[in-house]
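In: here is a sequence with its predicted model. Questions after.
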Amino acid sequence: MEEQSIILISCGPIEKEITRRIAEDVTRAFHFAVRLKECSLDISRFYNPGRRQYDANGILKVVSESYPLNAYRKMGLFSVDLYIPILTYIFGQASLNGFTGIASLYRLRNELYGLIPDQSLLADRFSKVVVHELGHTFGLIHCNHPVCIMRSSTYVEDLDQKEVLFCSQCQDQLEQVISQ
Amino acid sequence: MNEKISILIVDDEESVRDSLYNWFIDDGYEVECAENAKKALSLLDKKDFDIVLADIKMPGMDGMEMHRRIKALSREPIVIIMTAFASVDTAVQALKDGAFDYVTKPFDPDDLSHLIRNAATQVALKAENRNLKEQMTSLSDVEDIVGESEALKTVLREIESVAPSDSSVIITGESGTGKELVARAIHANSPRKYFPLISVHCGALSESLLESELFGHEKGAFTGATFNRKGRFEMADGGTIFLDEIATISPKMQIELLRVLESKTFVRVGGNKEITSDFRVICATNKDLESMVRNGTFREDLYYRLNVVNIRIPPLRERIEDIPLLVSHFIRKYCRSMSRDLISIEPAALRHLEKFEFPGNVRELENMIERAIVIGNGKEIRLKDLPMGREAMGESVESLEDLEKKHISRILDKYGWNISRAARALNVDRATLYNKIRKYELKQE
C-alpha cells in the first residue's frame, strides 16, 4: 500500500487543516494516493545555535532513512527555520530524482514579515513548496514558465504568484517519469 | 532551462559544495565541484566553464591566487569570489583583479539567483560578442584579393606589414585595379578592425559638399541643413577613413585636410565646438601625385603627410597569370549571387581573356564575366559570350550610331526614299528623319 503512496510526514506542530489541504493538492498534482503520518523526529542535533536555524541537509537525510522506508515518495513537513550552509534560509529541500523531500512553513507565515496572520494563505504557500519539492524528486528542474509550480521562488510573494499546477512541458515530463 | 551554462564550484567545505551543487542542478545548470584550487585549475585545463564560484580561504592556493591564474586561460570564465569572512579589502582586491562579483556566505537565496542570472547574461553577451567578432573577421577577410602572381604577392606582403601600424597609406593604381579592396584589407588586418572603415569618394562631391561630408555640419549651417550631422572624420573615430580619388580635392580642402591630419581635431561646418577623432587615413588615387606636387596642383606638405607608405597595385596586364584565378573567382561569385549552378569556361575563351589588354583592369574582367554568365547558356562561358570573342569570330561590335545609320538607310531604300513613308515606318517625324539623313550624310544611290 505504502509503496504506491506519497507519504506526508508531519514533524511538528502543524495544523491539521493545513496538512489536509496539502494532501489534496499533492493528490491532484501527482495522481497518487497520499497518506498522512505524524511523527516526533528528534531534530535537535541539527540545530545550529550560531544561526538559530536547522540544517536542512541533515534533516533530509534523517527523513530519508526513517520509517516508512518503502514509500513511493516521502515528504517531511516541519515548522522550524531551515538552512543550508550556503544560503541564509530555504523553504524546502529535495534530492533531484530522489525519493525524499522536506519543507517548512516557518518562513511562509505572514506574521514573520509583520503582516496579519492568514491561515488560508499559509496553507496555500506550504502546499506550493511541498508540490515543488516533490517535483524535484520526479526529476523536474526549475522552470521559466511564470506560473508553473516548478518556477524557482526565493521569497514568499514570489510563491503567491505561482499556481499549484505544472506547465504543459513539466506535466509531460512528469507523466513520462511516472509511466516508466 | 540553463543547460548550456556550466558552473565550477571551488570550496574546501563539502557541505558548501553539496548545497551549491544541488541548488544549481535544480536550476538546470551543468555543475562540477572541486575541493581545492589545484583540482579546479586542472578541471579548467581540460574543459571550458562559463562561471567559477570560488571560495577565498582554501588550504594551499587561495581563491584570489587561483583567480589570477584563471585569467591567463585562453577562454576566461566569469569568476565570483565567495567568503565567509567579509572584508572590504579583499572585496576591493577581488573586483580589481577582475572578479565579476564578491559575495559573503551565507547568501540570501534571492541574491544568489540574481547573481547567477546576471552572470549567465554576461556569459551570453560574451558568447554573442565572440561570435560577432568572428563574423566580422570573416566578413572583412581579404578573399576578394585574388591572384598568385609575384606582383600581387608583393602587394599582399605590403598590406601585411603596414596593416598593424597607424601609418597613413597612399594606394596608387589604375582605375579598376582594386584600390578600395586593398584599403579594406589593411583596415581588416589592423588593430582598428572592430571600429568602422569609412569611405569617402572625394571625386564625386563638390568642394562644399565634401567639406560638410568630412567635417559634418550644425543645424542651420546652410540652406537645407535642417539637422545636426556627424562628419565622416567623426564617424571614423577609432577606425579608418578611406579617401578615394584624393587627387581631385580642391586647394582649399587640401589645407583643411592637412590641418585635420596634423591635429586630429576639427569643427563642424557652422559649429564652434572642437571635435577630436582618432582615425587612420588611407588614400587612393589613379593620378601621379608626385608630378601634381611638382606642377603645384597638390600641396607638397599634404603629400608627405599622406605618403608615409605607398602601395602600388599593378594593372591586370602586368599580372596575366592571375586571370584564370580571377575568372574562377568571379564565376563562383556571380553563380552564387544569381543562384545558378557553377559553370566552367571554354579554354578558347580563357585564352582570349589572357591576351586582352584590359584597360579597365579587374573591374572590366569582372563585368565581362558577369555579363557572360547572364547571357550564356548556363553550362559554360563560351568565346561568343565575351565581347572580344564576338570580334574574333567575325561578329563586329557595332556602335549604336552605326546601327542607327544602317537601319535608316535600309528603310529609306525600302520606301524608295519617300521621306513621309520612311518616317512613318521608323515612327519618327519627318524633321527628325531629315536631321538623321544630314547627320549620317545619307544619299540616295
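Out: Structure received.
In: so the residue nearest to the spatial centre of chain A is in which element?
Out: Closest to where the C-alpha atoms of chain A average out (C-alpha atoms, centre = their mean) is A:V130, at 2.6 Å. Using DSSP states H and E, A:V130 sits within helix A:119-137.
In: near chain B, which residues of chain A?
Out: By C-beta under 8 Å from any C-beta of the partner chain, the residues of chain A that approach chain B are A:57, A:83-90, A:93, A:95-96, A:136, A:141-144, A:152, A:154-155. Backbone N, C-alpha and C define where each C-beta goes, glycine included.
In: list buried members of those by neighbour count.
Out: A:57, A:83-90, A:93, A:95, A:136, A:141-143, A:152, A:154 (16 or more other C-beta atoms under 10 Å in any protein chain shown).
In: okay, buried residues for the helix or strand hosting B:L181 please.
Out: Using DSSP H and E, B:L181 sits within helix B:179-188. Applying a neighbour-count criterion of 16+ other C-beta under 10 Å, the buried positions in helix B:179-188 are B:K179, B:E180, B:L181, B:V182, B:A183, B:R184, B:A185, B:I186, B:H187, B:A188.
In: buried ones in stretch B:424-436?
Out: Those would be B:L426, B:L433, B:K436, for stretch B:424-436 by 16+ other C-beta under 10 Å.
In: tell me the contacts of the last one?
Out: Contacts for B:K436 (C-beta atoms under 8 Å, 6 or more residues apart in numbering or on different chains) come out as B:E404, B:I408, B:V428, B:L442.
In: hang on, it is in a strand, isn't it?
Out: No: B:K436 is assigned helix when assessed by DSSP: H, G, I helix; E, B strand; the rest coil, not a strand.
In: that one and B:S399, how far apart?
Out: Distance, B:K436 to B:S399, using C-beta to C-beta, to the nearest Å: 15 Å.
In: about what we covered before: nearest to chain A, of the buried residues of helix B:179-188?
Out: Closest approach to chain A among the buried residues of helix B:179-188 (C-beta to the nearest C-beta): B:A188, at 40.2 Å.
In: can you pull the pLDDT of that closest one?
Out: On pLDDT, B:A188 comes in at 87.
In: spell out the residue ranges of the strands in chain A.
Out: In chain order, chain A shows strands spanning A:5-10, A:33-38, A:47-48, A:53-55, A:73-78, A:82-84, A:87-90, A:92-94, A:100-104, with DSSP state E as the criterion.
In: let me have the ones you listed in TSV, adding mean pLDDT and distance to B:A127 as columns.
Out: Output for those, formatted as TSV (pLDDT from 0 to 100; distance: least, C-beta to C-beta, whole Å):
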stretch	mean pLDDT	distance to B:A127
strand A:5-10	92	41
strand A:33-38	90	45
strand A:47-48	94	40
strand A:53-55	94	38
strand A:73-78	94	39
strand A:82-84	93	31
strand A:87-90	92	29
strand A:92-94	93	32
strand A:100-104	95	35
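In: can you list these in JSON lines and add distance to B:S337?
Out: Listed next are the strands of chain A as JSON lines, based on distance: least, C-beta to C-beta, whole Å:
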{"stretch": "strand A:5-10", "distance to B:S337": "64"}
{"stretch": "strand A:33-38", "distance to B:S337": "67"}
{"stretch": "strand A:47-48", "distance to B:S337": "71"}
{"stretch": "strand A:53-55", "distance to B:S337": "68"}
{"stretch": "strand A:73-78", "distance to B:S337": "62"}
{"stretch": "strand A:82-84", "distance to B:S337": "60"}
{"stretch": "strand A:87-90", "distance to B:S337": "58"}
{"stretch": "strand A:92-94", "distance to B:S337": "58"}
{"stretch": "strand A:100-104", "distance to B:S337": "61"}
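In: B:L316: which of the ones you listed is closest?
Out: Closest to B:L316 of the strands of chain A, according to C-beta to C-beta: strand A:87-90, at 71.7 Å.
In: can you name the residues of chain B that neighbour chain A?
Out: B:1, B:13, B:15-16, B:18-20, B:22-23, B:25-28, B:105-110, B:112-113.
In: try it again with 10 Å
Out: Residues of chain B found near chain A (C-beta under 10 Å from any C-beta of the partner chain) are B:1-3, B:9, B:11, B:13-29, B:53, B:82, B:84, B:103, B:105-114.
In: among those residues, name the buried ones.
Out: Buried, going by 16+ other C-beta under 10 Å: B:2, B:9, B:11, B:13, B:16-29, B:53, B:82, B:103, B:105-107, B:109, B:111-113, out of the residues of chain B next to chain A.
In: now, which of these lie within strands?
Out: B:I9, B:L53, B:M82, B:V103.
In: excluding its backbone neighbours, what's nearest residue 160?
Out: Answering for chain A, as no chain was given. A:R125 (7.0 Å; C-beta to C-beta, 6 or more residues apart in numbering or on different chains).
In: ah, I was thinking of chain B
Out: B:N189 (6.9 Å).
In: ok, now B:L412?
Out: B:A422 (5.0 Å).
In: send me the helix or strand hosting that neighbour as PDB with only the CA atoms.
Out: B:A422 belongs to helix B:419-426 when elements are defined using DSSP H and E. Taking Å, rounded to 0.1, in the frame of the first residue of the first chain, the C-alpha atoms of helix B:419-426 are listed here in PDB:
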ATOM      1  CA  ILE B 419      10.500  60.600 -96.600                       C
ATOM      2  CA  SER B 420       6.900  60.500 -95.300                       C
ATOM      3  CA  ARG B 421       6.600  56.700 -95.500                       C
ATOM      4  CA  ALA B 422      10.100  56.000 -94.200                       C
ATOM      5  CA  ALA B 423       9.400  58.400 -91.200                       C
ATOM      6  CA  ARG B 424       6.100  56.600 -90.500                       C
ATOM      7  CA  ALA B 425       7.900  53.200 -90.700                       C
ATOM      8  CA  LEU B 426      10.600  54.400 -88.300                       C
END
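In: and the contacts of that helix?
Out: The contact list for helix B:419-426 (C-beta atoms under 10 Å, 6 or more residues apart in numbering or on different chains) reads B:404, B:407-408, B:410-416, B:418, B:428-434, B:436-437.
In: quick one: average pLDDT of it?
Out: Here the average pLDDT along helix B:419-426 is 89.
In: show me chain B divided up by domain.
Out: B:6-136, B:150-314, B:317-392, B:400-440 (automatic domain parsing).
In: gap between the third one and the chain center?
Out: So the one you mean is domain B:317-392. 25 Å (C-alpha atoms, centre = their mean, to the nearest Å).
In: before we move on, what about the shortest one?
Out: Computed by C-alpha atoms, centre = their mean, the chain-centroid distance of domain B:400-440 equals 52 Å.
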